[in-house]
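Q: test case, fold it:
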Amino acid sequence: MMAEDRQQDTHTQVTTSRRRVLAAAALAPMLAGVGAGASAAGPVPTGMTGMPGHRRHRRVKPVPTTEADWADVAHALGRPGNMLRGTTYHTPFPRRDLRVVSDGIAITPELAMGTHVAFVRYADGSTMCMGDVAVTEKELQKVIDAFQAHGIAQTALHKHLLAQSPDIWWTHVHGHGHDAVALARGLRAGFDLTGTPPAVPTGPPVRSDLDIAGIEAALGAKGSPDGLVYKVVFARRERICDGHLVLPPGLGSTSAFTFQPLGRGRAALSGDCVMLAEEVQNVLGALRRGGIKLVEVHNHHLTDHPRLFFTHFWAVGNAVKLARALRPAVDATNVVPAG
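A: Residues are numbered from 1 along each chain as shown. Below you'll find the predicted structure:
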């Protein structure tokens, strides 16, 4: 190599090293600022922090509440709710306005046409809400726009049923902040753009010919009636967190199996099974071996840990045989009866 070439290479190396040093020096304050912002909670102008976990926080646990604590939320939502397990304020919005047919079967609202939202108060004074909202395809985009305009996040968009008329979609929603009424108003803004009817008084359970004892024996768990349908629910054993928020047991981490009686002991089954990643294939295989049709595999959360997956499924047949077909899928997951 000639002397001038070696001299040119040395000059290039020195210039490149100098540029790297200058770049690192310029980035240092910016990176320090990012780190500080990630560890310190700053003010949020709207009173809502959006998704938990967007900053690093210590784990925060839910606190017990009563229905009286949620009176303003009930007023903003336009209907009363009920307490679950002493920490979760739950409000259903069944889509009784819709006449949905899937697989030739008229779907009762309690089987697969229910919107549900839940509110939880935390030890730091904040409130988290989450839910699953049933909307028609025509309603979907404007409802999403309304939620986003009010700081309500969408964490999933999926189907619960296979071929159906009209087309129905479900969007999971999430909000977190220090103004529970603002969260409720944000949800209400979306609900008001749907045909969701006003609340009606809950009637007594409807008698059916389902073999309830046989279903419960097959699944190894007690269920409960909900209008026309019968539902059996299981909850994850693990502590589930969404970002820095510890979720109350059974909130957003359940497997639910709902049976709609069709006469002569037959039922339409709509189900949702919660799984860890390592459980997914075992569950899907068990369901298919039982003749159960898979509808969706998806997530309900964005920042949950452990990471949870959910599968919706559908079947029609003898209710007890369907329950027996479900049992291997239940046994493949780390769940207990939710009671």
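
Q: can you name the residues that contact the residue nearest the centre of the chain?
A: With distances taken as Cα atoms, centre = their mean, residue 300 lies nearest the centre of the chain, 3.7 Å away. Residues near residue 300 by Cβ atoms under 8 Å, 6 or more residues apart in numbering: 132, 155-156, 172, 252, 308, 310. Using the backbone N, CA and C atoms, a C-beta is placed for each residue, glycine as well.

Q: how about residue 328, secondary structure?
A: Taken by DSSP: H, G, I helix; E, B strand; the rest coil, the conformation at residue 328 corresponds to helix.

Q: where is pLDDT lowest across the contacts of residue 300?
A: Across the contacts of residue 300, the smallest pLDDT goes to residue 252, namely 90.

Q: return the residues in contact with it.
A: 118, 130, 240, 242, 300-301, 304, 308.

Q: which stretches of the stretch 101-250 of the chain have low pLDDT?
A: Scanning the stretch 101-250 of the chain for pLDDT under 70 picks out nothing.

Q: now the helices for it?
A: Secondary structure of the stretch 101-250 of the chain, counting by DSSP state H, counting those that start in this stretch: helices at 109-112, 137-149, 180-191, 212-219.

Q: quick one: which of those helices is nearest residue 64?
A: helix 180-191 (15.3 Å; Cβ to Cβ).

Q: roughly how far is that closest one from the heart of the chain?
A: How far helix 180-191 lies from its chain's middle: 17 Å, per Cα atoms, centre = their mean, to the nearest Å.

Q: helix 137-149 and that helix, what's the angle between them?
A: 150 degrees (axes from the mean of the first three to the mean of the last three Cα atoms, to 10 degrees).

Q: for helix 180-191, packing partners?
A: With contacts defined as 3 or more Cβ pairs under 8 Å, 6 or more residues apart in numbering; DSSP states H and E, the packing partners of helix 180-191 are helix 71-77, strand 114-121, strand 127-136, helix 137-149, strand 168-177.

Q: go again using 10 Å as the cut-off
A: Counting contacts by 3 or more Cβ pairs under 10 Å, 6 or more residues apart in numbering; DSSP states H and E, helix 180-191 is packed against helix 71-77, strand 88-94, strand 114-121, strand 127-136, helix 137-149, strand 168-177.

Q: will you turn those into TSV that also has distance to residue 263?
A: Converted to TSV, the helices and strands packed on helix 180-191 look like this (distance: least, Cβ to Cβ, whole Å):
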stretch	distance to residue 263
helix 71-77	36
strand 88-94	22
strand 114-121	23
strand 127-136	26
helix 137-149	31
strand 168-177	24
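
Q: how about the ones you listed in TSV, adding mean neighbour count and distance to residue 101?
A: Output for those, formatted as TSV (neighbours: other Cβ atoms under 10 Å; distance: least, Cβ to Cβ, whole Å):
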stretch	mean neighbour count	distance to residue 101
helix 71-77	16	29
strand 88-94	21	17
strand 114-121	22	17
strand 127-136	23	14
helix 137-149	16	15
strand 168-177	22	11
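
Q: and these: which comes nearest residue 294?
A: Taking Cβ to Cβ, strand 168-177 is the member of the helices and strands packed on helix 180-191 nearest to residue 294, at 15.9 Å.

Q: centre of the chain to the closest one, how far?
A: Mean-position distance between strand 168-177 and its chain equals 7 Å (Cα atoms, centre = their mean).
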